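Visitor: the following block contains a protein sequence and its predicted model.
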Amino acid sequence: DAGITQSPRYKITETGRQVTLMCHQTWSHSYMFWYRQDLGHGLRLIYYSAAADITDKGEVPDGYVVSRSKTENFPLTLESATRSQTSVYFCASSEADRVKNIQYFGAGTRLSVL
Amino acid sequence: AQKITQTQPGMFVQEKEAVTLDCTYDTSDPSYGLFWYKQPSSGEMIFLIYQGSYDQQNATEGRYSLNFQKARKSANLVISASQLGDSAMYFCAMREGTSGSRLTFGEGTQLTVNP
(Lines give C-alpha, C1' and ligand atoms only; values in the text may rest on other atoms or scores of the structure.)
Protein backbone atom coordinates (compact mmCIF):
# COMPACT_ATOMS: atom_id res chain seq x y z
CA ASP A 1 0.00 0.00 0.00
CA ALA A 2 2.09 2.92 -1.31
CA GLY A 3 -0.31 5.67 -0.23
CA ILE A 4 0.89 9.09 -1.24
CA THR A 5 4.40 9.69 -2.50
CA GLN A 6 6.24 12.89 -3.29
CA SER A 7 9.30 13.32 -5.42
CA PRO A 8 11.93 14.49 -5.20
CA ARG A 9 12.42 14.54 -1.42
CA TYR A 10 15.08 17.22 -1.70
CA LYS A 11 15.67 19.75 -4.45
CA ILE A 12 18.11 22.59 -4.88
CA THR A 13 17.53 25.01 -7.69
CA GLU A 14 18.46 28.52 -8.74
CA THR A 15 16.31 31.61 -8.97
CA GLY A 16 14.50 31.89 -12.26
CA ARG A 17 14.46 28.19 -13.01
CA GLN A 18 11.31 26.17 -13.47
CA VAL A 19 10.91 23.26 -11.12
CA THR A 20 8.16 20.66 -10.79
CA LEU A 21 7.32 18.76 -7.65
CA MET A 22 5.51 15.49 -8.14
CA CYS A 23 2.73 13.94 -6.09
CA HIS A 24 1.18 10.54 -6.67
CA GLN A 25 -1.51 8.75 -4.64
CA THR A 26 -2.75 5.18 -4.93
CA TRP A 27 -6.01 5.54 -2.99
CA SER A 28 -8.09 7.07 -5.80
CA HIS A 29 -8.91 9.95 -3.51
CA SER A 30 -10.91 12.70 -5.16
CA TYR A 31 -9.22 15.61 -3.41
CA MET A 32 -5.57 16.54 -3.57
CA PHE A 33 -3.76 19.49 -2.03
CA TRP A 34 -0.46 21.30 -2.00
CA TYR A 35 0.77 23.08 1.11
CA ARG A 36 3.93 24.89 1.98
CA GLN A 37 5.39 24.92 5.47
CA ASP A 38 7.50 27.80 6.68
CA LEU A 39 8.69 28.58 10.18
CA GLY A 40 6.08 30.61 12.03
CA HIS A 41 3.33 29.97 9.49
CA GLY A 42 2.28 26.40 10.00
CA LEU A 43 1.01 24.94 6.73
CA ARG A 44 -0.53 27.16 4.11
CA LEU A 45 -2.62 25.94 1.21
CA ILE A 46 -1.24 26.71 -2.25
CA TYR A 47 -3.68 24.90 -4.55
CA TYR A 48 -6.16 22.10 -4.33
CA SER A 49 -8.12 19.90 -6.66
CA ALA A 50 -11.53 18.32 -6.17
CA ALA A 51 -11.19 15.93 -9.10
CA ALA A 52 -9.32 15.45 -12.35
CA ASP A 53 -9.28 18.68 -14.37
CA ILE A 54 -10.70 20.70 -11.45
CA THR A 55 -8.28 22.91 -9.54
CA ASP A 56 -8.61 25.98 -7.39
CA LYS A 57 -6.42 28.49 -5.62
CA GLY A 58 -5.64 28.35 -1.95
CA GLU A 59 -4.18 30.95 0.34
CA VAL A 60 -0.78 31.47 -1.37
CA PRO A 61 -1.06 30.55 -5.09
CA ASP A 62 1.13 33.24 -6.65
CA GLY A 63 4.11 31.85 -8.55
CA TYR A 64 2.73 28.31 -8.71
CA VAL A 65 0.90 26.30 -11.33
CA VAL A 66 -0.87 22.98 -10.92
CA SER A 67 -2.53 20.48 -13.19
CA ARG A 68 -4.51 17.30 -12.67
CA SER A 69 -5.00 15.32 -15.80
CA LYS A 70 -5.23 12.04 -13.87
CA THR A 71 -6.86 11.42 -10.51
CA GLU A 72 -3.70 9.97 -9.00
CA ASN A 73 -1.25 12.74 -9.95
CA PHE A 74 -1.09 16.36 -8.89
CA PRO A 75 2.17 18.06 -9.90
CA LEU A 76 3.12 21.50 -8.62
CA THR A 77 5.24 23.73 -10.85
CA LEU A 78 7.18 26.79 -9.82
CA GLU A 79 7.35 28.66 -13.11
CA SER A 80 10.28 30.90 -12.17
CA ALA A 81 11.59 30.02 -8.74
CA THR A 82 12.32 32.77 -6.23
CA ARG A 83 14.17 32.61 -2.93
CA SER A 84 10.92 33.22 -1.07
CA GLN A 85 9.73 29.87 -2.39
CA THR A 86 12.35 28.06 -0.35
CA SER A 87 10.17 25.90 1.84
CA VAL A 88 8.98 22.41 2.63
CA TYR A 89 6.15 21.38 0.34
CA PHE A 90 3.54 18.84 1.32
CA CYS A 91 1.06 17.08 -0.88
CA ALA A 92 -2.08 15.60 0.69
CA SER A 93 -5.17 13.74 -0.44
CA SER A 94 -8.61 12.96 0.95
CA GLU A 95 -11.78 11.17 -0.03
CA ALA A 96 -14.88 13.05 -1.08
CA ASP A 97 -16.38 12.41 2.33
CA ARG A 98 -18.89 14.99 3.52
CA VAL A 99 -18.27 14.14 7.14
CA LYS A 100 -14.59 13.96 7.92
CA ASN A 101 -12.47 14.62 4.82
CA ILE A 102 -9.33 13.47 6.62
CA GLN A 103 -6.28 14.54 4.70
CA TYR A 104 -3.33 12.18 4.43
CA PHE A 105 0.05 13.67 3.72
CA GLY A 106 3.09 12.73 1.73
CA ALA A 107 6.55 12.87 3.27
CA GLY A 108 7.25 16.33 1.89
CA THR A 109 9.75 17.90 -0.49
CA ARG A 110 12.38 20.22 0.90
CA LEU A 111 13.09 22.85 -1.75
CA SER A 112 15.95 25.32 -1.60
CA VAL A 113 16.11 28.17 -4.10
CA LEU A 114 19.56 29.76 -4.28
CA ALA B 1 -8.12 37.31 12.35
CA GLN B 2 -6.44 33.98 12.99
CA LYS B 3 -8.81 31.12 12.37
CA ILE B 4 -6.74 28.65 14.40
CA THR B 5 -4.70 29.77 17.38
CA GLN B 6 -2.21 27.63 19.23
CA THR B 7 -0.86 29.76 22.04
CA GLN B 8 1.83 27.37 23.27
CA PRO B 9 4.91 27.46 21.05
CA GLY B 10 6.55 24.84 23.28
CA MET B 11 5.46 22.43 25.99
CA PHE B 12 7.36 20.08 28.23
CA VAL B 13 6.01 16.99 29.99
CA GLN B 14 7.46 14.17 32.01
CA GLU B 15 7.21 10.68 30.60
CA LYS B 16 4.03 8.86 31.70
CA GLU B 17 2.24 12.10 32.58
CA ALA B 18 -0.69 13.61 30.70
CA VAL B 19 -0.40 16.82 28.70
CA THR B 20 -2.92 19.19 27.13
CA LEU B 21 -2.16 21.13 23.98
CA ASP B 22 -4.39 24.13 23.44
CA CYS B 23 -6.25 25.09 20.29
CA THR B 24 -8.88 27.77 19.79
CA TYR B 25 -10.69 28.40 16.54
CA ASP B 26 -12.80 31.05 14.92
CA THR B 27 -15.61 30.35 12.48
CA SER B 28 -19.16 31.45 11.86
CA ASP B 29 -20.00 28.30 9.94
CA PRO B 30 -22.15 25.93 12.04
CA SER B 31 -20.66 22.92 10.30
CA TYR B 32 -16.95 22.38 10.70
CA GLY B 33 -14.37 19.78 11.58
CA LEU B 34 -11.32 19.97 13.79
CA PHE B 35 -8.20 17.90 13.31
CA TRP B 36 -4.93 17.29 15.08
CA TYR B 37 -1.78 16.24 13.28
CA LYS B 38 1.61 15.19 14.62
CA GLN B 39 4.86 16.08 12.90
CA PRO B 40 7.89 14.25 14.31
CA SER B 41 11.41 15.42 13.58
CA SER B 42 11.45 13.20 10.49
CA GLY B 43 8.98 15.65 8.96
CA GLU B 44 5.92 13.66 7.95
CA MET B 45 2.42 14.79 8.95
CA ILE B 46 0.47 12.13 10.81
CA PHE B 47 -3.28 12.39 11.37
CA LEU B 48 -4.21 11.82 15.02
CA ILE B 49 -7.83 12.66 15.74
CA TYR B 50 -10.97 14.32 14.36
CA GLN B 51 -13.90 16.12 15.98
CA GLY B 52 -16.98 17.22 14.09
CA SER B 53 -18.94 20.28 15.16
CA TYR B 54 -22.10 18.23 15.58
CA ASP B 55 -20.47 15.38 17.46
CA GLN B 56 -22.05 15.01 20.88
CA GLN B 57 -19.11 13.29 22.48
CA ASN B 58 -15.45 14.16 22.66
CA ALA B 59 -13.35 12.18 20.21
CA THR B 60 -10.89 9.60 21.47
CA GLU B 61 -8.22 7.58 19.68
CA GLY B 62 -6.12 5.45 21.97
CA ARG B 63 -4.04 7.76 24.18
CA TYR B 64 -5.35 10.83 22.35
CA SER B 65 -8.54 12.59 23.26
CA LEU B 66 -10.00 15.87 22.21
CA ASN B 67 -11.49 18.19 24.81
CA PHE B 68 -14.10 19.92 22.66
CA GLN B 69 -15.75 22.98 24.21
CA LYS B 70 -17.97 24.37 21.50
CA ALA B 71 -19.15 27.48 23.33
CA ARG B 72 -15.55 28.46 24.03
CA LYS B 73 -14.46 27.46 20.53
CA SER B 74 -11.67 25.33 21.86
CA ALA B 75 -10.47 21.90 20.80
CA ASN B 76 -7.62 20.92 23.06
CA LEU B 77 -5.65 17.73 22.48
CA VAL B 78 -5.01 15.60 25.54
CA ILE B 79 -2.25 13.01 25.41
CA SER B 80 -2.36 10.56 28.28
CA ALA B 81 0.63 8.60 29.59
CA SER B 82 3.17 10.51 27.49
CA GLN B 83 5.92 8.53 25.81
CA LEU B 84 9.29 9.66 24.53
CA GLY B 85 8.03 9.05 21.01
CA ASP B 86 5.36 11.70 21.52
CA SER B 87 8.02 14.40 21.24
CA ALA B 88 7.01 16.23 18.08
CA MET B 89 5.29 19.29 16.67
CA TYR B 90 1.51 19.16 16.94
CA PHE B 91 -0.81 21.05 14.64
CA CYS B 92 -4.46 21.87 15.09
CA ALA B 93 -6.47 22.39 11.89
CA MET B 94 -10.03 23.25 10.90
CA ARG B 95 -12.25 22.51 7.95
CA GLU B 96 -15.21 24.85 7.51
CA GLY B 97 -18.44 23.71 5.92
CA THR B 98 -19.07 20.37 4.30
CA SER B 99 -18.05 21.09 0.74
CA GLY B 100 -14.46 20.70 -0.23
CA SER B 101 -11.76 19.78 2.22
CA ARG B 102 -9.69 22.89 2.72
CA LEU B 103 -7.86 22.90 6.04
CA THR B 104 -6.59 25.92 7.93
CA PHE B 105 -3.69 25.11 10.24
CA GLY B 106 -2.42 26.69 13.40
CA GLU B 107 1.27 27.43 13.87
CA GLY B 108 1.86 24.38 15.99
CA THR B 109 3.09 23.43 19.46
CA GLN B 110 6.45 21.73 19.97
CA LEU B 111 6.04 19.03 22.61
CA THR B 112 9.06 17.62 24.39
CA VAL B 113 8.68 14.54 26.58
CA ASN B 114 11.38 14.24 29.22
CA PRO B 115 12.48 10.86 30.63
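Guide: That came through, no problem. Computed from a predicted model, the values in this text were never measured in an experiment.

Visitor: count of neighbours near B:Gly52?
Guide: 16 (other C-beta atoms under 10 Å in any protein chain shown). All C-beta atoms are positioned from the backbone trio N, CA, C, and that covers glycine.

Visitor: contacts only, for it.
Guide: Neighbour list for B:Gly52: A:Val99, A:Lys100, B:Tyr32, B:Gly33, B:Leu34 [criterion: C-beta atoms under 8 Å, 6 or more residues apart in numbering or on different chains].

Visitor: okay, and the beta partners of it?
Guide: When bridges are taken as DSSP bridges, the partners of B:Gly52 come out as B:Gly33.

Visitor: next one: B:Cys92
Guide: Beta bridges link B:Cys92 to B:Trp36, judged by DSSP bridges.

Visitor: tell me the pLDDT of it.
Guide: Among the per-residue scores, B:Cys92 holds a pLDDT of 97.

Visitor: so it is in contact with B:Gln6, correct?
Guide: Yes. In this structure, B:Cys92 is within contact of B:Gln6 by C-beta atoms under 8 Å, at 5.6 Å.

Visitor: the two: who's more crowded?
Guide: In this view B:Cys92 and B:Gln6 are compared by other C-beta under 10 Å, and B:Cys92 has more residues nearby, 28 against 21.

Visitor: show the buried residues in the contacts of B:Gly52.
Guide: Among those, the ones that count as buried by 16 or more other C-beta atoms under 10 Å in any protein chain shown are A:Lys100, B:Tyr32, B:Gly33, B:Leu34.

Visitor: B:Val13: which of the residues you listed is nearest?
Guide: Using C-beta to C-beta, B:Leu34 comes nearest to B:Val13 of those, at 21.9 Å.

Visitor: what does chain A have sitting close to chain B?
Guide: Taking C-beta under 8 Å from any C-beta of the partner chain as the criterion, chain A approaches chain B at residues A:31, A:33, A:35, A:40-45, A:48, A:50, A:58, A:88, A:90, A:92, A:94, A:98-108, A:110.

Visitor: drop anything exposed from these.
Guide: Among the residues of chain A next to chain B, the ones that count as buried by 16+ other C-beta under 10 Å are A:31, A:33, A:35, A:42-45, A:48, A:50, A:58, A:90, A:92, A:94, A:100-108, A:110.

Visitor: so which of the residues you listed belong to strands?
Guide: A:31, A:33, A:35, A:42-45, A:48, A:50, A:90, A:92, A:94, A:104-105, A:110 (DSSP state E).

Visitor: farthest pair in the residues you listed?
Guide: The widest separation within those (C-beta to C-beta) is 27.5 Å, between A:Ala50 and A:Arg110.

Visitor: so where's the chain shaky on pLDDT?
Guide: Using chain A here. Applying pLDDT under 70 to chain A picks out residues A:1-2, A:40, A:98.

Visitor: you answered for a different chain; I wanted chain B.
Guide: B:1, B:98-101.
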